[in-house]
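K.L.:
Need a 3D model of the sequence below.
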Amino acid sequence: MIILLLFVPLFILALIKTLLTPKKLKNLDKKHVVVTGGSSGIGKHAAILAARKGANVTIIARNSDRLAAAKKEIEAACIGKDQLISAVSVDVSNRKAISNELDSIEDKVGPIYMLINCAGMAICGNVEDFTDKDINTLINANYLGCLYPIQNVVPKFKQRKEGIIVLTGSQVSLMGMYGYSIYSSCKFALRGLAESIHMELKPYNVFVTLSLPPDTDTPGFETENKTKPQETILISQAGGLYQADTVAEKLLQDALAGNFFSYVGFDSYVLTTLCVGMSPFTNLLEVMIQSVILGPLRLMAAYYTNSFEKIVHKCYLEKEKNK
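P.N.:
Reported below is the predicted structural model:
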C-alpha cells in the first residue's frame, strides 16, 4: 500500500516533467556522419536520411560497385550543394585498415560527429555444424567490425566532448533463437559493449544507441535465409518483415534523441522491455512504466517461448519419422 501511495505521485511528476520538457533532436546540419555497412540495407537508408538533414556523409563497405551506386543515391538526397558525400572500400574487421581510413576521411571531410555501425551478416545452422571459417566470419563481421571503428572515434569524441555512436544489433541481441547460436552470441556481445561504452562516455556528452531491428528486407537478409533451418524459418514468421527505410528512420530518430534502445514494432518493444535489466534509461517515466508492465509481459513472453519450443519439437518428431 505504501509503495502504491508513493508510486502514484511519482508517476504524475514524471509524466508532467516529460510533457513539459520534450526531447530535442540533435542537429546534423554540416556534421560528419560515418556509416559502416552503408552500401545497402539499413546502413544505406540511414546515410540517405542523414544527407536529407544536411550532413556530410561517408559510407564504408567492401563492395566497390554497391558503394558507387549507394553514393549516387545519397548525393541525390542532399539538401545543399556544399554537402560532401564519400565512399570508402575497406574491411571494417581489419583494425589497422579501418583506423587509417577513418583518420584519412576526417582530414578530408572534417571531424566525425556520428558513427553508425551497420556492417554485419548472419549465418544460420545447428551449433555443431559451424566451421572455424563460419565462426571467424561471424565474429569479424558482427563484433570486431563494430568494435574497431568505435575504438578509433572514442578518443576523438572524448576530446571534443560530443558525438553519437550507434551499434546495430538484432532482436537476438536480447534472446537466443534456434539456428542463431554464433550470430546471437556476437549480438549479445554488442549489447554488453554498448552498455559499457555508454557508461564510459556519458561524462563526455557522447551518446550511445543500440538498435535492435527485427527481420528486415535487405540483401543481407536474403543471404541469411539461404542458411536457415526449417525451425528458424517457422519461428521467424511470428515477427513479420520490416522495410529497411522504416528501421533506419527509427534508428536515426532515437540516436538523435539520445535514446539508448532503438526498436521498431510492438514485438520489439515487448522484448526490449522484458530484457531491460540494468540497461541505461532515458527518463523516470520510462522506468515506472516498465516496472508496471514487466509482470504481464513476462506471461506473454512465456507463451511465445513455449510456442517456439513446440515448433522445434514438432520439427524434431518429423525428422525422426523420416529417418
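
K.L.:
burial count for K24?
P.N.:
For K24, the count of nearby residues is 9 (other Cβ atoms under 10 Å). Every C-beta, even on glycine, is put in place using the N, C-alpha and C of the backbone.

K.L.:
does it sit in a helix, a strand or a coil?
P.N.:
Here K24 is recorded as coil under DSSP: H, G, I helix; E, B strand; the rest coil.

K.L.:
Could you give the backbone dihedrals for it?
P.N.:
phi -100, psi 130 (degrees, to the nearest 10).

K.L.:
Now the host helix or strand of I197: average pLDDT?
P.N.:
Using DSSP states H and E, I197 maps to helix 181-201. Averaged across helix 181-201, the pLDDT comes to 96.

K.L.:
Give me the residues contacting it.
P.N.:
If you take Cβ atoms under 8 Å, 6 or more residues apart in numbering as the criterion, helix 181-201 is touched by 122-124, 127, 130, 134-135, 138-139, 142-143, 146-147, 150, 154, 157-158, 163, 165, 167, 169-170, 172-177, 207-210, 260, 278-280.

K.L.:
Separate out the buried members of those.
P.N.:
Among those, those buried by neighbour count (16 or more other Cβ atoms under 10 Å) are 122-124, 130, 138-139, 142-143, 146-147, 150, 154, 157-158, 163, 165, 167, 169-170, 172-175, 177, 207-210, 260, 280.

K.L.:
Let's see which of those residues end up in strands.
P.N.:
G163, I165, L167, F207, V208, T209, L210 (DSSP state E).

K.L.:
circling back: check which residues of the helix holding I197 are buried.
P.N.:
181-191, 193-195, 197-198, 201.

K.L.:
what angle sits between it and strand 206-211?
P.N.:
160 degrees (axes from the mean of the first three to the mean of the last three Cα atoms, to 10 degrees).

K.L.:
what's the spacing between helix 181-201 and its chain's center?
P.N.:
Centre-to-centre, helix 181-201 and its host chain are 10 Å apart (Cα atoms, centre = their mean, to the nearest Å).
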